[in-house]
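1. here you go, sequence then predicted model.
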Amino acid sequence: MKRCISICLAIGFVLAAATAAMAGAAPGSGIQGSLHDLSTTGPGGIAISNTTETRICVFCHTPHFAAKASDMAAQNIHYFPLWNHTLSSITTYQTYTNTDNGETPNSIQHQLNADLSAGPGGPSRLCLSCHDGSIAVNSYGTFQGNPSPGAGTGPVMPAGYRIGGGGDLSNHHPIGFDYAAVIAAGDDEINDPSNPMKNSSRGLIINDLLWGGKVECTSCHDVHNTKNDGSKFLWVNDNNQSDLCLSCHLK
């Protein structure tokens with residue numbers, strides 16, 4: 001009997017430990033335990049070679065010795081939330097275009113091309129500093145003489161998580177374009193920015209997720225996994241009747 005109780009307790013401890021390890025993995029439950037948890041105990045830790053880093057936030061943010069505006073200028077980044085990760089070595093990206101099968105582009109496409117030629121905006125470029133695979137994931141703390149930088153010798157973003165590798169964003173959803181300008185150009189299959197995000201438990205509207213009126217990576221993804229309802233950091237669950245897509249696209 002005692003042996004049975006011991007076994008049950010052992011199983012209970014294992015399950016409790018597993019639950020603790022997965023804390024934050026569910027949508028909206030926080031960064032700890034999510035794929036953006038690159039610490040030694042997080043699932044994202046498999047992407048780095050620095051096996052001693054127990055901190056989570058340090059890979060992107062720091063309270064001291066963060067990037068300044070002068071550090072960001074080359075990447076045309078005007079948003080730097082105490083940024084701590086080395087910037088991408090890619091400054092120009094090949095962006096998505098719709099050639100309309102060789103026909104004369106309409107005014108909508110002209111508007112898109114005008115915006116996309118400038119490339120991704122600041123928030124997206126911060127995401128790409130890891131995700132385009134040009135910089136080691138554990139390359140952090142390199143600004144303004146930070147006394148404790150990361151190793152910066154680990155592997156780059158694994159292929160399965162890489163977006164914009166080699167600067168090629170041509171087969172990904174366009175980012176960096178002005179949402180309202182596309183509507184003004186005549187796109188009648190885009191919802192008004194005041195339209196609610198379908199099945200958002202927080203009552204989000206499209207405009208809440210635009211950056212300076214533009215669509216960026218963070219218009220679809222909540223990188224901290226705190227206010228999202230969908231997996232893969234999506235603001236709403238796209239597995240449910242394409243709620244994410246149909247929040248913006250009027251189809």
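-> Looks like it arrived, so ask away.
2. ranges for the helices of this protein?
-> Along the chain, counting by DSSP state H, helices occupy 2-21, 69-72, 107-116, 122-131, 179-184, 243-248.
3. pLDDT of the fifth one, averaged?
-> What it means is helix 179-184. In this model, helix 179-184 carries a mean pLDDT of 89.
4. could you do the longest one as well?
-> Per-region confidence: helix 2-21 scores 38 on mean pLDDT.
5. do the last one as well
-> When pLDDT is averaged along helix 243-248, the result is 97.
6. and that helix, what does it pack onto?
-> Identification of packing neighbours for helix 243-248 by 3 or more C-beta pairs under 8 Å, 6 or more residues apart in numbering; DSSP states H and E yields no helix or strand. For every residue, glycine as well, the C-beta is placed using N, CA and C.
7. buried residues, it. List them.
-> Buried residues in helix 243-248, counted by 16 or more other C-beta atoms under 10 Å: 243-244, 246-248.
8. low-scoring pLDDT stretches of the protein, where are they?
-> 1-23, 44-51, 98-107, 110 (pLDDT under 70).
9. rerun at 90
-> Across the chain, the ranges flagged by pLDDT under 90 are 1-25, 38-54, 74-76, 95-119, 138, 145, 148, 150-161, 181-189, 240.
10. using CSV, write down the CA coordinates of stretch 182-200.
-> These are the backbone C-alpha positions of stretch 182-200, laid out as CSV (Å, rounded to 0.1, in the frame of the first residue of the first chain):
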residue,chain,number,x,y,z
VAL,A,182,-5.3,50.8,-49.4
ILE,A,183,-9.0,51.3,-48.6
ALA,A,184,-8.8,54.8,-50.0
ALA,A,185,-7.2,53.5,-53.1
GLY,A,186,-10.3,51.5,-53.8
ASP,A,187,-10.0,48.1,-52.1
ASP,A,188,-13.6,47.2,-51.2
GLU,A,189,-12.7,43.9,-49.7
ILE,A,190,-10.9,45.2,-46.7
ASN,A,191,-12.8,45.9,-43.5
ASP,A,192,-12.9,49.4,-41.9
PRO,A,193,-10.2,49.8,-39.2
SER,A,194,-13.0,50.1,-36.6
ASN,A,195,-14.1,46.5,-37.4
PRO,A,196,-13.9,44.1,-34.4
MET,A,197,-11.4,41.3,-34.5
LYS,A,198,-13.6,38.2,-34.7
ASN,A,199,-14.0,36.3,-31.4
SER,A,200,-11.5,38.5,-29.5
